[in-house]
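[1] take a look and give me a structure for this.
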Amino acid sequence: MIREGKPMTRRQQLWLAIQLSVPSIVAQFSSILMQYIDASMVGSLGANASASIGLVSTTTWLFWGVCAAAATGFSVQVAHLIGAGDMKGAKTVLRQSVISVFVFSLMLGLAGALISGHLPGWLGGDPAIRHDSSLYFLIFSLFLPMLQLNFLAGGMLRCSGNMRVPSMLNVLMCILDVIFNYFLIFPTRETELLGHTVCMPGAGWGVEGAALGTVLAETVTAALMMGYLTVRSPELKLTGEKGSFLPRKSVLKQAAAISLPMGLEHVVICGAQIMTTVIVAPLGIVAIAANSFAITAESLCYMPGYGISDAATTLVGQSLGAGRHDLTRRFSRITVYMGMWVMAVMGLLMYVFAPEIIGIMTPVEEIRTLGIDVLRIEAFAEPMFAASIVAYGVFVGAGGTLVPSLMNFFSIWAVRLTLAFWLAPTMGLHGVWLAMCIELCFRGAIFLIRLERGKWMEKKKDNIHIQKITDHEI
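    As a prediction, this is how the structure comes out:
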């Protein structure tokens, strides 16, 4: 209906936004669940095992975010082309993207492998955990191209309007991760199964087994995702068609314009996380632990926002590609305000059930009390946090990532960190989280202002290059 210019009622628009959001929200939850399961499995091996993975977690997240940004640079172009009804052009961009992101991730993975032996030392890790930490990051780096293809295929399918397949496959990845970890982390052992003692085989590789379990799950998922994309996707399948996989300058240039601000923003956010840790660390062990548990708990609250953001990117991208600016504006508002409503409910639940949520993670009363307090402070910011998350997805769908990335940079570094540095000495961890709450409300406000002004949409007419590609170029 978007591509063919058919009229859509407000109810149809809302229902479409919901249909696209729900599978993506499920995938986001499964991703967080996979992290929880990994942490609990490795945590059973002892403090050193957990610390060896935790030491490089920020670096792995940095690499992960850069790969996601690289894939987005191409998938947004495909959304615009599909919206314009140019399926041939969309498939051409897809072919070029496969080679481009694979080479990029290969180089990034090689860089990661080269620094893996030194990284734990650079991060100040204890000598007792450096070997396992280094090996974990090496395995992660070597399989980075598989993770990159997973991001690319998932992004392409979502931008074509197919949320269900990538979401189902991401849930499968979570299940496979648990299975692989179960057999690779732990040694052969006796276990009770339905009242019987069974000998369960295991490799007993510990931290290395956790890394292998995760990357194997990612590899299987990437193979299935790429297989569906290139063979079965109604909009983007490549079977039976000829075309070059060599990247063209115009496609690469537009991909870079979208991806570079996102990648740099991710680097900036990682730096902000490190600075927050520096501010919290002098507050003591209880504050550090409570801060860590509260961050983990809050992630369950904002995952729906990221799921709705994926839907916003698809709907805005296709609507702009189809030249339907009235529909673009309506979809942007529907998704943003739907995200705010959903996360307001999640914030309320987080406030009410904060004692139970934190209580699951730690039995230490002092840590629980502090964790509950700061989590309840953050609950008030969730609707505005949703505004910034989903509006960012809207701007990505429009192909404009530079300005929103700069907005995130200013908000986090000039508002959050400045306030946290000022409030922490007198208010402790409460001050750090109050600064975070104020900053998220400020960030949501500036994103809503930009959304309502609409300039992001008007400028995109010149930036979206819906090109007619000749048979010779293909």
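[2] which helix is the longest one in the chain?
    Criterion DSSP state H: the longest helix present in the chain is helix 285-321.
[3] pLDDT on that one, on average?
    The pLDDT scores in helix 285-321 average 83.
[4] buried stuff in it?
    Neighbour counts using 16 or more other C-beta atoms under 10 Å place 286-321 of helix 285-321 among the buried residues. Heads up, the C-betas are built off the backbone N, CA and C, glycines and all.
[5] then stretch 98-106?
    Neighbour-count burial for stretch 98-106 flags 98, 100-102, 104-105 (criterion: 16+ other C-beta under 10 Å).
[6] inside helices: which ones of those residues?
    Within the buried residues of stretch 98-106, residues falling in helices by DSSP H are 98, 100-102, 104-105.
[7] residue ranges with poor pLDDT in the stretch 1-150 of the chain?
    Applying pLDDT under 70 to the stretch 1-150 of the chain flags the ranges 34-40, 43, 47, 50-51, 54.
[8] how many other residues sit next to residue 164?
    17 (other C-beta atoms under 10 Å).
[9] spit out the contact partners of it.
    With contact taken as C-beta atoms under 8 Å, 6 or more residues apart in numbering, residue 164 is in contact with residue 23.
[10] next one: it from residue 279, what distance?
    42 Å (C-beta to C-beta, to the nearest Å).
[11] and the helix or strand where residue 176 lies, how far from the chain's centre?
    Using DSSP states H and E, the element containing residue 176 is helix 164-185. The chain centroid and the centroid of helix 164-185 are separated by 17 Å under C-alpha atoms, centre = their mean, to the nearest Å.
[12] quick one: mean pLDDT for the helix or strand just after it?
    As assigned by DSSP H and E, the chain's next helix or strand after helix 164-185 is strand 187-193. Taken as a whole, strand 187-193 carries a mean pLDDT of 80.
[13] now the helix or strand just after strand 187-193: buried residues?
    Moving toward the C-terminus from strand 187-193, the next helix or strand (DSSP H and E) is strand 196-203. Applying a neighbour-count criterion of 16+ other C-beta under 10 Å, one finds residue 203 buried in strand 196-203.
[14] so what touches strand 196-203?
    Residues outside strand 196-203 that contact it (C-beta under 8 Å, 6+ apart): 182-192, 209.
[15] show me which pair in those residues is furthest apart.
    The distance between the two most remote of these (C-beta to C-beta) is 22.0 Å, for 192 and 209.
[16] these two - which one has more neighbours?
    Neighbours were counted for residue 192 and for residue 209 using other C-beta under 10 Å; residue 209 has more, 24 against 8.
[17] what's near enough to touch the closest residue in space to that one that isn't next to it in sequence?
    Spatial nearest neighbour of residue 209, excluding adjacent residues (C-beta to C-beta, 6 or more residues apart in numbering): residue 184 at 3.3 Å. Going by C-beta under 8 Å, 6+ apart, residue 184 touches 202-203, 205, 208-210, 212-213.
[18] can you redo these as JSON lines with pLDDT?
    Converted to JSON lines, those look like this (pLDDT from 0 to 100):
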{"residue": "202", "pLDDT": "85"}
{"residue": "203", "pLDDT": "87"}
{"residue": "205", "pLDDT": "88"}
{"residue": "208", "pLDDT": "90"}
{"residue": "209", "pLDDT": "91"}
{"residue": "210", "pLDDT": "88"}
{"residue": "212", "pLDDT": "94"}
{"residue": "213", "pLDDT": "92"}
